[in-house]
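>>> Predicted model, plus sequence, below.
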Amino acid sequence: MAGADSMTVDEMVLSLDGLVSEALDYLTKDKDGFFLMVEGAHIDHGGHQNSIEYMLAELLAFDDAVKYATEWAKKRGDTLVMVTADHETGGLWVNEDAKYGELFEYDYDLGKYVNYSWSSDSHTATHVCLFVYGDEINFAEYSAIGNASLIKNIDVFRIAKTYLQGKNVGV
């Protein structure tokens, strides 16, 4: 992809992974290192609207951005990629008997999709995942809860900051 400064507005591709690519190309010029936060904010909008099509399209775009960042990090060996959410929205439930490719199965007699449902159009108390690629981090060491499998989302910044300080990276 050509640099954004050499492209016209009509030539720019504003996909999330394209934006991540441009940001990484620019930020790697800083010899002191950098921190990049990327948000897939519209996944949340799809949950609020209970729109499976909207949510999945946004989730797939975010997945492409994560794939790009992870592949980029693999080539470097000095990069930590952390992926999480600040909350869950919509309370999406997928029927446990649904098979791949059947998510959009519609029952005309019932007048609804039968392989998923929503429990809310707001934020839920459902736990969200934290995925990490790169150096190993012992989350139990950093967790206020003391359990590596469960940390508070508000602790992610503190964990990253403590981790980076241990690597002698200015924070």
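Happy to help now that I have it.

>>> from here on, contacts and neighbour counts on C-alpha atoms
Fine.

>>> Now do Leu103, the pLDDT please.
Looking at Leu103, its pLDDT stands at 80.

>>> Please tell me I have it right and it contacts Asn115.
Yes - under the criterion of Cα atoms under 8 Å, Leu103 makes contact with Asn115 at 5.5 Å.

>>> neighbour-wise, which of those two wins?
For Leu103 and Asn115, the more surrounded residue by other Cα atoms under 10 Å is Asn115, and the numbers stand at 18 against 15.

>>> Look at Gly101 and say how many residues are nearby.
When neighbours are counted by other Cα under 10 Å, Gly101 comes out with 7.

>>> do the same with the one 5 residues further on
For Tyr106, the count of nearby residues is 13 (other Cα under 10 Å).

>>> Over to Thr126?
11.

>>> do the one 10 residues further on as well
Residues near Glu136, counting by other Cα under 10 Å, number 8.

>>> pLDDT wise, what is it at?
Reading off the confidence values, Glu136 has pLDDT 71.

>>> Tell me the spacing between it and Lys152.
As judged by Cα to Cα, to the nearest Å, Glu136 and Lys152 stand 19 Å apart.

>>> Same question for Glu71.
27 Å.

>>> What of Asp109?
Note on Asp109: its distance to Lys152, by Cα to Cα, is 44 Å.

>>> Tell me which residues touch Tyr113, please.
Going by Cα atoms under 8 Å, 6 or more residues apart in numbering, Tyr113 touches 104-107.

>>> tell me which of these is nearest to Ala125?
Phe104 (25.7 Å; Cα to Cα).

>>> now that closest one, nearest residue through space, not along the chain?
Closest residue in space to Phe104, ignoring its immediate chain neighbours: Tyr113 at 6.4 Å, by Cα to Cα, 6 or more residues apart in numbering.

>>> For Met82, which residues count as its bridge partners?
Going by DSSP bridges, Met82 is paired in beta bridges with Val132.

>>> how about the strands of the protein, start to end?
With strands called from DSSP state E, the chain shows them at 81-83, 88-89, 92-94, 106-107, 112-113, 116-118, 123-124, 131-133.
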